[in-house]
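[1] Here you go, sequence then predicted model.
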Amino acid sequence: MARKSHVQTTINGEAVEFLCEPRQSLLEVLRDELYLTGAKEGCNNGNCGACSVIFDGRLVNSCLVLGVETDGKSVETIEGLADPDKLHPIQDAFLENAALQCGICTPGFIMSAKALLDQNPNPTEHEVRYWLAGNLCRCTGYDKIVRAVLDAAAAT
Amino acid sequence: MQAFEYIAAKTVSEAVALLDEKGDQARILAGGTDLIVQAREGKRTLDWMIDIKSIPEVNVLDYDAETGLTLGASVPCHQIYAVDAICEAYPGLVDATKIIGGTAIQGRAAVGGNLCNASPAADCIPPLIVLNATCVIAGPNGEREIPVEDFCTAPGQTVLGKSEILVSIKIPTPLQNSSSYYLRFIPRNEMDIAVVGAGAAVVLDEAKQRIVSARIALAAVAPTPLFAEEASELLAGKEISDATIDEAAQAAQAIARPISDMRGTAEQRTHLVGVLTRRALNGAIQRVRDAA
Amino acid sequence: MSEKKEYKVIGTRPIRHDGVDKVTGRAIYGADFQITGLLHGRVLRSPHAHARIVSIDTSRAEAHPGVKGVVTAQDLPTAEDKMADLGEGAVNLKYLCDNILASDKALYKGHAIAAVAATDPHIAEEACELIDVEYELLPPVLEVRAAMEPDAPIIHENIRTSSLGETGDKPSNVASHLQHKKGDIEKGFEEADVVIEREFVTGTVHQGYIEPHNATALYNPDGQLTVWCSTQGAFTVREQLAEILQYPISKIKVVPLEIGGGFGGKINVYIKPVAALLARKTGKPVKVLMNRADVFEGTGPTPASYITVKMGATKDGKITAAQTSMAFEAGAYPGSPVGAGAMCIFAPYNTENVLIDGYDVVVNKPKTAPYRAPGATNAAFGSETVIDELAEELNIDPLEMRLMNGAKEGDHRADGPVFPRIGFIETLEAAKEHPHYTSPNGKKYHGRGIASGFWFNIGLESSVTINVNPDGTVNLVEGSTDIGGTRASIAMQAAEVLGIPAESVNPTVVDTNSIGYTAVTGGSRTTYATGYAAYEAAQDVVKQMIGRAAKLWDVDEANVQFTDGEFSSINGKEEQISFRDLSARLGETGGPVVGRATMNPAGAGGAFATHVVDVAVDEETGKVEILRYTATQDAGKAIHPSYVEGQIQGGVVQGIGWALNEEYIYNDEGEMTNASFLDYRMPTCLDLPMIDAVIVEVPNPGHPYGVRGVGEVPIVPPPAAIANAIYDAVGIRMTELPMSPDRLLKAMGKI
């Protein structure tokens, strides 16, 4: 076992420090060390998007980032999206559109959609589908997810 | 995952020294989208990851109409297609950066990493080859430059020596009436590895009716991405016609030595080389013609 | 059930009760579970498809720092060769146990051999590599037809073919042969003017749920075993654990956490007993997680199959005979869904003469598990393609051909059951009138196809209790794990009875100690059967509350009525009290009110669907693009239409994946070469258009609101519909799934 590193980072706007081995991914650190279990492991190799988080302003698969790489950087996760008394418009749109069934992919889709709308507030259906292609959903057939993202764009 | 140590190098010389010191089980970490998966799945053994993303030279993204593009080895895909001038000058490279993985992968994956990973199916390599890109390599004995088409030597293998790193990729300024195009065949519309990839760059005459010169490169049909030299050369000076394009496509097919695997069969790949070479050439020609 | 009923809650689209937890990342799925002192488990899997296990030496793994325990099949109680009843049907206990940890032979690559518990998951993984297993390699059998050959390598020496009541006299890979007969098949073909016979092959496909299997187990010193996990059925897990571990059911508590998809694949247990063994060995709680490759290689996919279909029809389109032989791969142990496929294949059509033969065949692949209408999709690919060809041959519109022969109330299936009121014809009519079907279709390399499908649906046991709160809300307690919004669809049925809004019902899914037996969330049964139980439990609440009102007003119970959420007295006194106000007065009228119901309803009612699809074929690459998709389906009564649409859309897209790209690809050694989401190629949103889900409502007489299960049948028609569309586009009949670009190129003669 390699020695653990001390990492200081910012998660959802708050300073956070933790110890981790170099081999622990950001996803493992979030889930196992910080108990932020909103990001999910679906494939652990960047092919499902269930672990999507925003890392220094960019959408990434947290399974493909090492925990140690976050030192001095910032991470946004699903847990930081809603205000204490109000959901984020994308979260509302997912609920209104019934855009989830089992819900395991939902945090990843919402973070991915947020990264899209942050840089393209009025995407076309094709742009939404292209952007979300890295997020797999096996329950919904994507129809209601795409509609939810388009609705969220229209609402903001 | 296997245990390893991590260190972030601050300079090129530090990275080279670390490689030298840590031995052949040390690996360079850029975007990590291949390396972390390979380490996790036991496909590469390593005991050190040397993160180069804090080194200024590998983060350079500099385009100048006079000198061309300098692309640092760790610059992720999304930064490349965010620059309009690069999209205009090197559309074939941009085609590749937009189809590697999904959006989240493109947030991390670097063109330089795609090159060093040396997959036969690497999407960025054919466009780099057709754009006459060169690799700037640093090592204990200083820097050297080699053409991208000579960089990969076998699946997962490159010309990089034990203590060498790829610092950047240089692409010359595109000529007048030229353009480039890359496409691949995959069964889905995204998130797959190329069954076959084809890149083309063309320079046309003023009337945009005749090919002055062309370069064609292929992915996933040989142990390394291939420069299709004969196919490229036979186009030089030819009038653009379906027959000419077909002739080049056939010449490209002739050098393909594909295998059958879970992503496609050898016969399918050979067939697709023809289809994709035609589409890549026509795509590049159309871009020249569409340009004002 | 024919009159149109007015509902206040049913048919509306409230926000699901668990929605906020799921969009904020707070919902706790199996892998999210934490408990103090937790160890992490990892399973060592066979690298070989077929091998005798000569020896296993765990000593190096046990000595690895951080390792707390290692288990192998030796740690399982000795399994007898006996049948265990697990609610979903009897299972051979030896096979069940051997699939958890192989005892004498590894029967597929990915077969669990041993497991390690350690202080961290990476250490457990390292320790697995330190387990020394000596294998004696055996030739693998990887395909159903090869496995049926007389000289095929035998996978189980003790299997003798059980065929129509007879047992074979020598070892065979054919575990069983079933048959359904109706009428006189020879006479049927004689009456036909056109007879078409074709062969079909379908690949092995996986459910592809995004959440890998997981389990955390803890033994207390008093012998209580608790298992937290994702599952489609906590009670089924309890039964399987009791049998596999030979442990008293009363000492096992299964806590179902949120589940990230199942589609039938999270009914069988895999790592749950392993977690329990490790927990017992270490005295600590142990969490075992699968990775994605484990899921592909170590859990049940749905079978590959080889199917022949022969059908005959008269000149005017009447189908006179339908015959099939269906051979399904069971995987490593007997038990493919060939029986279900046999029940479904010709069910949509009222055909006088039918002969169905089914074969359950073992091969060196993971033991198959249910997948959304198991068996029916394989079957419909064959039958719905042949019907399309018959219609073409007879120059009849394929939709009209189906209308002419479609099954109705009173018709009976070849396997026996007589249809109650069903809505197949209505799905066909809805498709026929849909603007998709009436829109032009004629561009070069574009094509349109249709296909229909049937799934029988099931009832089974469900229990619900309803606790009335003083503020007029109720807490609904259920045992059905919620995979796709069933908290809402169950709660809404109770709300309708109680005359309160859906939001006033708080549904909770609880553990096996806290509710009566409830069968799996599967078989399209949950909204139907658990919803029915919620309806009855709510009726029980109403009955008790009528008693309380009667007491309050000092009248006879018969003189109290309940309508629209109001209790009122009839025959004399002018008294009225709302459900909400009466809820506040339970203490003074006799104490809390708890409604309860347990059910095992028999009238599940079958589900039918008809799909229309437009495709474009790239004739140079063989790639098929889905341009437009419309699915009509009889839902009986849609409780929450959004989630019914969602079931239809999700099923369609799984069917599209099955049709076009998904399959297990094996090399000659029996190793799956595409055990990742990268290479298994499930559809992404960029591969699809919007999916138009059209709900048809022909109430099911077997449910108070007319509900039919909706979850499964939408996966049945897509492969056949797409095959028919490809034919329309390029004139090639595809008979092998998936219809991947290389196969289509080959079929078109391009390679």
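    Nice, thanks for sending it over. Small disclaimer: the values here were computed from a predicted structure and weren't measured.

[2] residues contacting the closest residue to chain A within the stretch 351-500 of chain C?
    For the stretch 351-500 of chain C, the residue closest to chain A is C:Gly484, as judged by CB to the nearest CB, at 3.7 Å. Any C-beta I mention is one placed from the backbone N, CA and C, and that applies to glycine too. With contact taken as CB atoms under 8 Å, 6 or more residues apart in numbering or on different chains, C:Gly484 is in contact with A:101-102, A:139, C:643, C:646-647, C:650, C:711.

[3] Make a markdown table from these and add pLDDT and distance to C:Phe677 to it.
    Output for these, formatted as a markdown table (pLDDT from 0 to 100; distance: CB to CB, whole Å):
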| residue | pLDDT | distance to C:Phe677 |
| --- | --- | --- |
| A:Gln101 | 98 | 18 |
| A:Cys102 | 98 | 16 |
| A:Cys139 | 98 | 15 |
| C:Tyr643 | 98 | 25 |
| C:Gly646 | 98 | 22 |
| C:Gln647 | 98 | 22 |
| C:Gly650 | 98 | 17 |
| C:Gly711 | 97 | 23 |
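
[4] Give the ChimeraX command for selecting the buried subset of those.
    Only the buried entries of the contacts of C:Gly484 go into this ChimeraX selection, using 16 or more other CB atoms under 10 Å in any protein chain shown:
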select /A:101,102,139 /C:643,646,647,650,711
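
[5] how about JSON lines for the contacts of C:Gly484, with distance to A:Asn45 and secondary structure added?
    Below are the contacts of C:Gly484 laid out as JSON lines (distance: CB to CB, whole Å; DSSP: H, G, I helix; E, B strand; the rest coil):
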{"residue": "A:Gln101", "distance to A:Asn45": "24", "secondary structure": "coil"}
{"residue": "A:Cys102", "distance to A:Asn45": "21", "secondary structure": "coil"}
{"residue": "A:Cys139", "distance to A:Asn45": "21", "secondary structure": "coil"}
{"residue": "C:Tyr643", "distance to A:Asn45": "31", "secondary structure": "helix"}
{"residue": "C:Gly646", "distance to A:Asn45": "28", "secondary structure": "helix"}
{"residue": "C:Gln647", "distance to A:Asn45": "29", "secondary structure": "helix"}
{"residue": "C:Gly650", "distance to A:Asn45": "24", "secondary structure": "helix"}
{"residue": "C:Gly711", "distance to A:Asn45": "30", "secondary structure": "coil"}
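
[6] Closest one to C:Thr324 out of the contacts of C:Gly484, please.
    C:Gly711 (25.1 Å; CB to CB).

[7] Give me the three-state assignment for the nearest residue to the closest one once chain neighbours are set aside.
    Once flanking residues are discounted, C:Gly711 sits nearest to C:Ser524: 4.4 Å by CB to CB, 6 or more residues apart in numbering or on different chains. When classified by DSSP: H, G, I helix; E, B strand; the rest coil, C:Ser524 comes out as coil.

[8] Strands of chain B, start to end?
    Secondary structure of chain B (DSSP state E): strands at B:5-8, B:26-29, B:48-51, B:61-64, B:68-72, B:134-139, B:142-147, B:152-154, B:157-158, B:165-171, B:178-185, B:196-204, B:211-219, B:226-227.

[9] got a pLDDT number for the residue of the stretch 351-500 of chain C closest to chain A?
    Note on C:Gly484: pLDDT of 94.

[10] Run a quick neighbour tally on B:Ala17.
    Using other CB atoms under 10 Å in any protein chain shown, B:Ala17 has 14 other residues around it.

[11] tell me which parts of chain A are close to chain B?
    A:1-2, A:5, A:21-23, A:25, A:44-47, A:49, A:52, A:55, A:58-61, A:63-66, A:68-69, A:112, A:115-116, A:130-135 (CB under 8 Å from any CB of the partner chain).

[12] now the strands: where do they sit in chain A?
    Counting by DSSP E, the strands of chain A are A:5-11, A:14-20, A:52-55, A:58-61, A:74-76.

[13] In CSV: those, plus mean pLDDT and mean neighbour count.
    Listed next are the strands of chain A as CSV, based on pLDDT from 0 to 100; neighbours: other CB atoms under 10 Å in any protein chain shown:
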stretch, mean pLDDT, mean neighbour count
strand A:5-11, 98, 17
strand A:14-20, 98, 14
strand A:52-55, 98, 28
strand A:58-61, 98, 28
strand A:74-76, 98, 20
